[in-house]
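Engineer: Could you look at this predicted model? Sequence included:
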Amino acid sequence: MEKAILFGVGKNYYKLSEVLHKEYENILLVDNDPAKWGTIVDGTKIYSPKEVNWSGDEVVVILPGIFIAEGILQQLLNEYQVPFERIVFWEGGNTRLSPFYKDKKSGINIKLNSLVDYSICREVFEFKEYELGFGEQDVIVIDIGMNIGCASLYYASLPNVKYVYSFELVQDTFDQALKNIEMNPNISNKIIAHNFGLSNRDEIISVNTTTFSGHMTIYNQSDSGNKVECKIKDAGEALLPILEQHPNSKFLLKVDTEGSEYDIFDSLDQKGLLSRMSFIIGEWHDIDSGCNHHTDDIFTQEPLLDKLRQFFVKNDFVFKLTNVHSGIGYFYAFHI
């Protein structure tokens with residue numbers, strides 16, 4: 001058995017305690033909460049992370065859920081210089097982390113900087129959240145909300161996808177996506193990437209970058225954290241040249257923009273471009289009157305879901321919305 005440092009002595013630890021003690025030996029318990037330091041759990045003392053020698057060969061098991069775990073991961077990597085390869089994220093199992101994610105089927109390589117990056121890779125390559133059957137016909141993909149490039153690379157790996165036009169709002173995330181694209185030279189020439197976001201207007205906006213890369217949104221107006229200036233453009237104006245360049249092509253529109261999807265569809269609809277899409281796939285979000293998103297208030301989200309339904313019905317799409325009683329879900333739409 002491996003020696004282990006278990007980081008985060010909370011409800012997941014107590015739920016998994018028996019399994020963890022069978023999996024590892026010479027266990028050391030660590031937590032960021034000063035109230036827990038020095039207390040004894042299962043016969044083992046809980047230490048402050050500052051008391052631990054992080055240069056050993058133990059595996060470091062992160063026990064909390066992904067959003068708390070993300071902060072712990074960055075703490076381990078940046079403050080204590082623990083190598084990625086020694087870190088285990090316990091998400092329903094013993095998942096050993098790696099600086100790279102490789103999809104076995106396509107051979108695509110992705111450089112990971114966070115647990116959210118890992119989660120996004122799994123959504124795309126393992127859970128197939130952005131898979132939409134379009135048969136053998138040639139397709140051009142428009143990827144709005146490129147993030148670190150997972151979906152763009154996935155689509156580019158498909159032989160009947162001819163081009164992927166990608167759009168990413170935040171410079172740092174865009175730079176990470178470019179590096180991931182460059183790591184896959186056999187398909188990189190299919191991807192045309194743009195470093196601006198899409199909405200229903202042209203504007204320079206301030207974006208809070210303290211949220212995770214997969215959750216940054218133009219609607220996060222919190223005064224806390226680091227702010228960066230980002231450019232958004234009117235979706236209809238930005239996409240019209242692409243549509244004109246490929247007048248006889250079928251288009252797949254993928255949208256994951258943490259709440260901007262309504263403004264994007266509004267712009268495309270007003271300019272008569274939404275109907276040019278053969279397939280549409282993406283995430284819908286409850287943006288709570290333009291300020292916050294991922295709420296659980298059905299009364300807030302229903303008008304937004306009605307907006308999506310109206311866009312799809314007006315433009316003769318067959319469509320499906322998932323998780324309609326939560327604050328986030330997927331939409332799938334296509335022309336018959």
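Structural biologist: Now that the structure is in, tell me what you want to look at. Residues are numbered from 1 along each chain as shown.
Engineer: CA atoms for contacts and neighbours, from now on please.
Structural biologist: Fine.
Engineer: which residues in this structure form helices?
Structural biologist: Here the chain has its helices, by DSSP state H, at 11-23, 66-74, 115-121, 150-156, 171-182, 235-245, 261-270, 288-291, 298-314.
Engineer: Show me what stretch 263-283 is in contact with.
Structural biologist: Outside stretch 263-283, the residues that touch it by Cα atoms under 8 Å, 6 or more residues apart in numbering are 130, 132, 198-200, 234-236, 240, 250-258, 311, 315-316, 328-335.
Engineer: Narrow those to just the buried residues.
Structural biologist: Buried subset of the contacts of stretch 263-283 (neighbour count, 16 or more other Cα atoms under 10 Å): 130, 198-200, 234-236, 250-258, 311, 315, 328-334.
Engineer: Comparing the helices of the chain, which yields the minimum mean pLDDT?
Structural biologist: Ranked on mean pLDDT, the bottom entry among these is helix 288-291, at a mean of 41.
Engineer: on that earlier part again, mind giving me JSON lines with the helices of the chain and columns for distance to residue 204?
Structural biologist: Output for these, formatted as JSON lines (distance: least, Cα to Cα, whole Å):
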{"stretch": "helix 11-23", "distance to residue 204": "42"}
{"stretch": "helix 66-74", "distance to residue 204": "29"}
{"stretch": "helix 115-121", "distance to residue 204": "26"}
{"stretch": "helix 150-156", "distance to residue 204": "25"}
{"stretch": "helix 171-182", "distance to residue 204": "13"}
{"stretch": "helix 235-245", "distance to residue 204": "14"}
{"stretch": "helix 261-270", "distance to residue 204": "16"}
{"stretch": "helix 288-291", "distance to residue 204": "17"}
{"stretch": "helix 298-314", "distance to residue 204": "25"}
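Engineer: if you compare the ones you listed, which one is most tucked away?
Structural biologist: Ranked by mean neighbour count, the helices of the chain are led by helix 150-156 with a mean of 25 (mean count of other Cα atoms under 10 Å).
Engineer: Who are the packing partners of that one?
Structural biologist: In this structure, helix 150-156 packs against strand 139-144, strand 161-167, strand 191-194, with contacts taken as 3 or more Cα pairs under 8 Å, 6 or more residues apart in numbering; DSSP states H and E.
Engineer: Now it - C-alpha only, PDB.
Structural biologist: C-alpha atoms of helix 150-156 as PDB (Å, rounded to 0.1, in the frame of the first residue of the first chain):
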ATOM      1  CA  CYS A 150     -11.300  20.700 -25.600                       C
ATOM      2  CA  ALA A 151     -14.400  20.900 -27.700                       C
ATOM      3  CA  SER A 152     -12.700  22.600 -30.600                       C
ATOM      4  CA  LEU A 153     -10.100  19.800 -30.700                       C
ATOM      5  CA  TYR A 154     -12.700  17.100 -30.400                       C
ATOM      6  CA  TYR A 155     -14.700  18.500 -33.400                       C
ATOM      7  CA  ALA A 156     -11.500  19.000 -35.400                       C
END
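Engineer: Go through the helices of the chain and name the closest to residue 31.
Structural biologist: Residue 31 sits nearest to helix 66-74 of all those, at 9.7 Å, using Cα to Cα.
Engineer: isn't residue 114 right next to residue 74, touching?
Structural biologist: Yes. Between residue 114 and residue 74 there is a contact under Cα atoms under 8 Å: 7.5 Å.
Engineer: mind showing which ranges of the protein have poor pLDDT?
Structural biologist: The chain contains residues with pLDDT under 70 at 91-93, 210-225, 287-302.
Engineer: Pairing-wise in the sheet, spell out the partners of residue 100.
Structural biologist: Counting by DSSP bridges, residue 100 is bridged to residue 111.
Engineer: And it, how close does it get to residue 182?
Structural biologist: Residue 100 sits 14 Å away from residue 182, going by Cα to Cα, to the nearest Å.
Engineer: And residue 314, by the same measure?
Structural biologist: With Cα to Cα as the criterion, residue 314 and residue 182 are 40 Å apart.
Engineer: Stretch 323-335 spans what distance, first to last residue?
Structural biologist: This stretch, stretch 323-335, spans 22 Å end to end (Cα to Cα).
Engineer: starting at the chain centroid, how far to it?
Structural biologist: Stretch 323-335 has its C-alpha centroid displaced from the chain centroid by 16 Å (Cα atoms, centre = their mean, to the nearest Å).
Engineer: One more: stretch 100-120?
Structural biologist: 11 Å.
Engineer: Give me the buried positions along it.
Structural biologist: 101, 103, 108-118, 120.
Engineer: Between the two ends of it, how far is it?
Structural biologist: This stretch, stretch 100-120, spans 13 Å end to end (Cα to Cα).
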